[in-house]
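**Q** I would like to see how this sequence folds:
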Amino acid sequence: MTSTSRTPGALTVGPLRPVILNLAAPAVAMMACHFCFNLIDAIWVGRLIGPAALAAVSTAGFYVWVLLSLGEMVEVGLIAVAARRHGEGLPDAAARAAGAAVLYALAAGTLVSLGGFALTDALFHLMGVPREVASLGRAYLDTWLLGGPLVFGFFAIEATFRASGDTRTPFLLLMVSVVLSVGLDPLLISGVGPFPRLGVEGAALASVMVRGGGFLIGIGLAWRRGLLRLDAPDWRAVPTVFRVGAPLSLAGVLLSIVYMWLTRYTSRFGTAALAALGVGHKVEGLGFIAISGFALSASALVGQNLGAQQEARARQAVRMTVGYCLAVTTATAIAFLTIPDTLVALFTSDAAVIADGSLYLRVIAFAQIGQTFEIILEGALAGAGYTLWPQIASTTLTLLRVPLAAWWSGAVGLVGIWLALSVTAVARGIAMALFWLRGRWRVTAV
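**A** Below is the predicted model of the structure:
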């Protein structure tokens, strides 16, 4: 198919309800799979090794979060560009943009991993964690960084499928990867049978191995379906991918750095509090799974429908998406308030960790609704290519977490840190709602 032929985008026609749910359901499942990688590592490490190793995986996970946030720069930017091309009826142009984005992602992932190797010692010094936790954390992080380029590439392949309206294929790739990770983690951590006993390094190795395999399979599938053109990449799309994706991505990096800094305050309350910060953050991800999955669908829906000159349909899709997601996040908020100790106990039997982690969940429960508006509207604005000003506002509120945590933890103890996280999350949701209602995204060129 030539770049001049036009066919309607898959998300621009038909009743919205089935379109949204058919797109969001596998997207939510896909986010669950992404979330499961670090969750699986934390559960196996906490159960098989102990609280110090659990704290190590949690603190190392904040730099892994940096890597994933930078990888999402390619994902968010490519979805905006390729979805717009699909909406305009130019699938070949979308495939060429995807080809350039995949190659760019591999190069960017290599640079980020090299930077991580150089900064590992400084990162753990910044967080001020106990020596045992820092040593185990370095081992986990160094192993994870080896697979950085492949993880970046997988983000680009996911975006290639999703921009075309296909979230099922990347979900299947991720689901198989997660199943393999569940089996590989304990084998490599404990050295079962012919496998070497690698400890925390084994957990990291299992994660990068299965993601790398998924990336390679994804390339083959996207190529055969005409969604990817590595033979004729459109390098002109890369600056736009970077421009659209960078603000949202850098906001994620900043959020990771803020958590590293909060780790300094949390470490004053002991290793159990450090482990609780990581566990609470992961359990909080239960709501984040649904929110982010719906946000990915909102991004693709807005991109394609704006490309097809259907602004009213894009607005209605976002309203419906927020409503569906609120049904899920209200349920997770109730669970955080009523059974937090049961959720934390999935990771550890340590009473101190369970107590601190349960407190985290009770406080953060009130942020679930705010995060629904924040992340879905953030995704919708990104689908329209309007990311700079929303992320400036989000970044400002995120930075407030550091002085608020310092102030409130000194006044009321550990709960002050948890409060700083919850209050700022709600404030970011209000800010994104104001940006969406203002409507400046309608005139953004992509």
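**Q** Quick check: Val322 touching Ile375?
**A** No: counting by CB atoms under 8 Å, Val322 sits too far from Ile375 to count as a contact (10.2 Å). In short, each C-beta sits where N, CA and C put it, glycine included.
**Q** Report the set of residues contacting both of these two.
**A** Counting by CB atoms under 8 Å, 6 or more residues apart in numbering, no residue touches both Val322 and Ile375.
**Q** Gly202: what's its closest spatial neighbour, skipping adjacent residues?
**A** Nearest residue to Gly202 in three dimensions, chain neighbours excluded: Leu188, at 2.9 Å (CB to CB, 6 or more residues apart in numbering).
**Q** The helix or strand encompassing the one you found - what's its average pLDDT?
**A** Using DSSP states H and E, Leu188 falls within helix 168-190. Taken as a whole, helix 168-190 carries a mean pLDDT of 86.
**Q** and the next element down the chain from it?
**A** Downstream of helix 168-190 (by DSSP H and E), the next one is helix 200-224.
**Q** ok, Val322 and Ile375, which is more surrounded?
**A** More neighbours surround Ile375 than the other of Val322 and Ile375, with 26 against 20 (other CB atoms under 10 Å).
**Q** Could you measure from that one over to Ser249?
**A** 14 Å (CB to CB, to the nearest Å).
**Q** Look at Arg264 and say how many residues are nearby.
**A** Residues near Arg264, counting by other CB under 10 Å, number 15.
**Q** for it, what are its contacts?
**A** Applying CB under 8 Å, 6+ apart to Arg264 gives the contacts Leu126, Met127, Gly128.
**Q** now do Leu262
**A** Listed by CB under 8 Å, 6+ apart, the contact set of Leu262 reads Leu277, Arg401, Val402, Ala405, Ile417, Ala420, Leu421.
**Q** In this structure the fifth one contacts Ser409, no?
**A** Yes: the pair Ile417 and Ser409 qualifies as a contact (CB under 8 Å) at a distance of 5.0 Å.
**Q** overlap in contacts of the two?
**A** Tyr265.
**Q** Between the two, which has more neighbouring residues?
**A** Per other CB under 10 Å, whichever of Ile417 and Ser409 has more neighbours is Ile417, with 25 against 21.
**Q** Which of the helices or strands spans that one?
**A** helix 414-438.
**Q** Poorly predicted segments of the stretch 51-200 of the chain, please.
**A** For the stretch 51-200 of the chain, no stretch has pLDDT under 70.
**Q** low-scoring pLDDT stretches of the stretch 251-400 of the chain, where are they?
**A** In the predicted model of the stretch 251-400 of the chain, residues 251 satisfy pLDDT under 70.
**Q** ok, which stretches of it are strands?
**A** In the stretch 251-400 of the chain, no strands are found when defined by DSSP state E, counting those that start in this stretch.
**Q** Give me the buried positions along the helix holding Ile417.
**A** Of the residues in helix 414-438, 414-429, 431-433, 435-436 count as buried by neighbour count, 16 or more other CB atoms under 10 Å.
**Q** can you give me the offset of it from its chain's centre?
**A** When C-alpha coordinates are averaged (CA atoms, centre = their mean, to the nearest Å), helix 414-438 and its chain have centres 18 Å apart.
**Q** Return the list of helices and strands in contact with that helix.
**A** Applying 3 or more CB pairs under 8 Å, 6 or more residues apart in numbering; DSSP states H and E, one finds that helix 414-438 contacts helix 237-267, helix 271-307, helix 351-364, helix 367-383, helix 388-399, helix 401-412.
**Q** which one of the ones you listed lies closest to Pro91?
**A** Pro91 lies closest, by CB to CB, to one member of those: helix 271-307, at 11.8 Å.
**Q** Just give the closest residue to Gly213, not the sequence neighbours.
**A** Ser177 is the one closest to Gly213 (CB to CB, 6+ apart), at 7.0 Å.
**Q** same question, Met320
**A** Closest residue to Met320 apart from its sequence neighbours, by CB to CB, 6+ apart: Ile20 at 5.6 Å.
**Q** quick one: buried residues of the helix or strand in which that neighbour is found?
**A** Element membership of Ile20, judged by DSSP H and E, is helix 16-48. Judged by neighbour count (16+ other CB under 10 Å), helix 16-48 contains these buried residues: 16, 19-48.
**Q** Then stretch 120-139?
**A** So, applying 16+ other CB under 10 Å, buried residues of stretch 120-139: Thr120, Leu123, Phe124, Met127, Gly128, Val129, Val133, Ala134, Leu136, Gly137, Arg138, Ala139.
**Q** Kindly provide the distance from the nearest residue to Phe215 once chain neighbours are set aside to Ala105.
**A** Among residues not flanking Phe215 along the chain, Phe154 sits closest, at 4.1 Å (CB to CB, 6+ apart). Using CB to CB, we find Phe154 at a distance of 8 Å from Ala105.
**Q** go on, Leu205?
**A** Counting by CB to CB, the gap from Leu205 to Ala105 is 21 Å.
**Q** Which one's more surrounded, these two?
**A** The neighbour count for Leu205 versus Ala105, taken as other CB under 10 Å, is higher for Ala105 (28 against 21).
**Q** what sits against the spatially closest residue to Ala139 that is not a sequence neighbour?
**A** Once flanking residues are discounted, Ala139 sits nearest to Glu201: 5.0 Å by CB to CB, 6+ apart. Counting by CB under 8 Å, 6+ apart, Glu201 touches Ala139, Tyr140, Asp142, Thr143, Leu188.
**Q** Secondary structure and distance to Ser349 added to those, as TSV?
**A** Formatted as TSV, the contacts of Glu201 follow (DSSP: H, G, I helix; E, B strand; the rest coil; distance: CB to CB, whole Å):
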residue	secondary structure	distance to Ser349
Ala139	helix	24
Tyr140	helix	21
Asp142	helix	29
Thr143	helix	26
Leu188	helix	23
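**Q** Compare the residues you listed and tell me which has the most neighbours.
**A** For the contacts of Glu201, neighbours were counted using other CB under 10 Å, and Tyr140 has the most, 28 neighbours in all.
**Q** All set now, cheers.
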